[in-house]
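K.L.:
I would like the atomic coordinates for the input below:
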Amino acid sequence: MRAVVTRVKSASVTVDGRVVGRTDGGFLVLLGVGQGDGEAERKKLTEKLPVLRIFEDEAGKMNRSLLDVGGSVLLVSQFTLYANCRHGRRPDFLSAAKPDLAEAEYLRFAEDLRAKGVHVETGVFGAEMQVESVNDGPVTIILDSAEL
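P.N.:
A predicted model of the protein is given here:
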């Protein structure tokens, strides 16, 4: 499982001209689910994400977590995080999970974060989405369950 985590002042996702999810401060998380990903990989990321200290404290040091600042998460599915660009000019996505598995893991990921006290809003799995964000910092971290 891979997540691109961006600290944002605000972010929103729009589908068919309607805002379906937003955060007014916290993280925009693009989540990719790979083949074979399941509970173990999901747990690694959902344990790390809410306590990742990438918000500034009073001294300007990145020393506060999402939970510390009361931030929320806008979670957007992103199978293209599993793009393989090694051969040719067109990426393949063979390492990405099939849509039914990926959607189930994406929804469980959101629920696992909610169970930890994080307010989570989502995009629409598989939909054509427009994502807007006002990055804060900018601070962007890549989390890969295989490396945690």
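K.L.:
Which residue ranges of the protein form helices?
P.N.:
Assigned helices in the chain, in chain order: 39-48, 66-69, 99-115 (criterion: DSSP state H).
K.L.:
how deep is the closest residue to residue 101 other than its chain neighbours tucked in, by neighbour count?
P.N.:
Counting by Cβ to Cβ, 6 or more residues apart in numbering, residue 33 is the residue found nearest to residue 101 once chain neighbours are left out, at 6.8 Å. The way it works is simple: take the backbone N, C-alpha and C, and place the C-beta from them, glycine included. When neighbours are defined as other Cβ atoms under 10 Å, residue 33 has 29 of them.
K.L.:
same check, this time on the one 3 residues further on
P.N.:
For residue 36, the neighbour count with other Cβ under 10 Å is 11.
K.L.:
Residue 95 versus that one, what's the distance?
P.N.:
Distance from residue 36 to residue 95, counting by Cβ to Cβ, to the nearest Å: 9 Å.
K.L.:
circling back to that earlier point, closest to residue 145 out of the helices of the chain?
P.N.:
Smallest distance to residue 145 across those (Cβ to Cβ): 3.8 Å, for helix 39-48.
K.L.:
okay, the angle between that closest one and helix 99-115?
P.N.:
30 degrees (axes from the mean of the first three to the mean of the last three Cα atoms, to 10 degrees).
K.L.:
partner residues bridging the most centrally placed residue in the chain?
P.N.:
The geometric centre of the chain, computed from its C-alpha atoms, lies nearest to residue 29 (Cα atoms, centre = their mean), at 2.2 Å. Taking DSSP bridges as the rule, residue 29 bridges to residue 5, residue 75.
K.L.:
Do I have it right that it meets residue 50?
P.N.:
No. With contact defined as Cβ atoms under 8 Å, residue 29 does not reach residue 50; the gap is 11.0 Å.
K.L.:
tell me the mean pLDDT over stretch 133-144?
P.N.:
When pLDDT is averaged over stretch 133-144, the result is 98.
K.L.:
should've said stretch 70-82
P.N.:
What stretch 70-82 shows for mean pLDDT is 98.
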